[in-house]
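coords please:
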Amino acid sequence: MKRIAIITLAALITLSMTAPAFAKAGTSTSQDTEIDGSVVLATAPASGFDTGLGITVGAGTTLPHIDKNLQGRVDISYFTWSASQFGVDVSYTRIPLLFSGRYFVPTRDNRLKVYIQGGLELSFDKVEAAITLPSPPFAFGTVKESSSETRIGLVPGAGIEYKLSPTLGLVVDARWHIITDGYLTVQFGLASHF
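Reported below is the predicted structural model:
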């Protein structure tokens, strides 16, 4: 029940910030709404794990009623890490949902967008361990255990976007995930503006 309350509260806060901007999207020429996708490198969340890979999909819209350089965002990601020691294979899966704000620093080149960002992360984590027991005379095979948790953390970051056209841009950004089993991510992707 606590999880549902946290998710609902985070969603309501984000909707209250972005709904007026989305409603004005068709009427305001300064409105910029985007959808983006990235491939992500993620440092290990705990010792013994390899560097992980993941994907992120996000959407954002400028909030001109607050500041023309401010964007409200929602991102969802999927990360996996693995480790193997002494016959135990461990996989760590994390699905973070990020509610954030992004502030664009004004630049002289209209094709280059530099930003800083920060937000609240709701992370759904699952750790699975598989132990392979010796074969005959012990024919037990593989034993698996798993554990799931929901965690909350903060995510500061920064990045750049280079516009290839008025509607398409290349994005690179870095984020520090301050959460249980914290980690750093570096993202490379494309953003579509409309």
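
Quick check: closest non-adjacent residue to Y92.
Leaving aside its sequence neighbours, Y92 sits nearest to W81 (C-beta to C-beta, 6 or more residues apart in numbering; 4.4 Å). In this view, the C-beta of every residue, glycine as well, is placed from N, C-alpha and C.

my guess is I131 contacts S84, does it?
No. Between I131 and S84 there is no contact under C-beta atoms under 8 Å: 10.9 Å.

for whatever helix or strand the residue nearest to Y92 lives in, packing partners?
Using DSSP states H and E, W81 maps to strand 67-85. Helices and strands touching strand 67-85, by 3 or more C-beta pairs under 8 Å, 6 or more residues apart in numbering; DSSP states H and E, are helix 2-23, strand 33-42, strand 52-63, strand 88-105, strand 112-132.

any chance of these in JSON lines, plus mean pLDDT, distance to I179 and mean neighbour count?
Shown next, in JSON lines, are the helices and strands packed on strand 67-85 (pLDDT from 0 to 100; distance: least, C-beta to C-beta, whole Å; neighbours: other C-beta atoms under 10 Å):
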{"stretch": "helix 2-23", "mean pLDDT": "48", "distance to I179": "14", "mean neighbour count": "14"}
{"stretch": "strand 33-42", "mean pLDDT": "97", "distance to I179": "12", "mean neighbour count": "17"}
{"stretch": "strand 52-63", "mean pLDDT": "96", "distance to I179": "15", "mean neighbour count": "19"}
{"stretch": "strand 88-105", "mean pLDDT": "95", "distance to I179": "8", "mean neighbour count": "19"}
{"stretch": "strand 112-132", "mean pLDDT": "94", "distance to I179": "6", "mean neighbour count": "17"}
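
Compare those and give me the one nearest T142.
strand 112-132 (5.1 Å; C-beta to C-beta).
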